[in-house]
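Novice: Any chance you can model this:
(one chain, ligands or ions: 1)
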Amino acid sequence: MTSRTPFDAVVRERIVLGEHLVRLVLEAPEGFATTGVPDEWVALTVPGQFQTRYYTVRSVVDGLLTIDVVVHEQGLVTEWAQTGCVGDRVGLSAPKGSFALPADAGWIVLAGDLTALPAMARIAEYSAGQVQGLPVEIHAEVPDGPMPDYVAAPVRWHHADSGTSDLAAIVHGISWPEGPGYFWMAGESAQMRDIRRHARHDLGWDTRHYDVMGYWSGSRGRQARQVDPGPIYARGRALGQSDEQIWAEYDAARGRA
Ligand SMILES: Cc1cc2nc3c(=O)[nH]c(=O)nc-3n(C[C@H](O)[C@H](O)[C@H](O)COP(=O)(O)OP(=O)(O)OC[C@H]3O[C@@H](n4cnc5c(N)ncnc54)[C@H](O)[C@@H]3O)c2cc1C
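Specialist: This next block holds a predicted model:
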């Protein structure tokens, strides 16, 4: 995909948060405005590349925009983030988010792997501030053990071998709270497809009550195409589609070469 990112930003700081997680602090570009939606993401274009990759906006504070990048085996951004990238100028899209808490939700459950941890941490902060009183349960599948300082809420930590995910099995084991709530989940695409089916067919939930997103594809062989979720999300919303339909279209678009 050719980059048409409207913003430029300079990397000011690189902080190693763990063996598989690197924090990049960027100078927030002029005109960049957060949506306030706690799982908002941007498309990032790193120097010398035209293709974009998607990263959650961990925070925008005092003119600084923070993203946390998972270090995995190989890839455009993962390799760049392990170099001396401080001082590099990157491209950024305008942010988009999809977290949408229904009015009748009496609880929130979040589940995700390391790529989802920035969004889950931000949703936990949002929940503490905006919807006080709602119980929040968080399941994180991480390769390097618990990261209690990363999320300002209790987390059930599950071990993952780097590059693999068994998040679907973790979610199948959840004891769901009573009544309507909101379940948010992100991680490896095949795990997400399984859980969308589970939410709809086994649990019988209305699509307003869950948001399950494929953040990366672990399928071997041909790499899933990078597709900007932003336009698909905007089009789906305009057509009145549910989040489930929108993310299913996103998965399908990534599968088409
Ligand atoms: C809305 C959204 C928000 C996201 N937020 C974040 C975030 O905050 N932090 C973050 O790190 N990622 C996030 N992701 C996931 C990230 O965009 C992908 O993991 C992306 O493919 C990484 O790009 P890359 O250039 O490092 O690897 P690519 O060049 O895209 O991929 C190279 C190879 O690595 C594999 N691969 C890709 N990601 C992973 C992974 N995480 N673990 C193991 N293997 C992998 C691919 O299957 C491929 O074979 C988000 C994705 C979406 C859609």
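
Novice: P154 is in contact with I138, isn't it?
Specialist: Yes. At 7.1 Å, P154 and I138 qualify as touching, with contact defined as Cβ atoms under 8 Å. For the C-beta atoms, the positions are set from N, CA and C on the backbone; glycine is no exception.

Novice: Settle it for me: which of these two has more neighbours?
Specialist: I138 (23 against 10; other Cβ atoms under 10 Å).

Novice: who's the more buried one bridged to?
Specialist: Beta-bridge pairing of I138 under DSSP bridges involves L110.

Novice: contacting residues for it?
Specialist: By Cβ atoms under 8 Å, 6 or more residues apart in numbering, the contact set of I138 is V109, L110, A111, M120, A124, V151, A153, P154, V155, R156.

Novice: how about the fifth one, secondary structure?
Specialist: For A124, the assignment made with DSSP: H, G, I helix; E, B strand; the rest coil gives helix.

Novice: Can you get me a residue count around it?
Specialist: For A124, using other Cβ under 10 Å, the count is 21.

Novice: Please tell me how far the closest residue to it other than its chain neighbours sits from V212.
Specialist: Nearest residue to A124, sequence neighbours excluded (Cβ to Cβ, 6 or more residues apart in numbering): A153, at 4.0 Å. According to Cβ to Cβ, to the nearest Å, A153 stands 20 Å off from V212.

Novice: So for these two, which residue has more residues nearby?
Specialist: The neighbour comparison of A153 against V212 (other Cβ under 10 Å) goes to V212, with 27 against 15.
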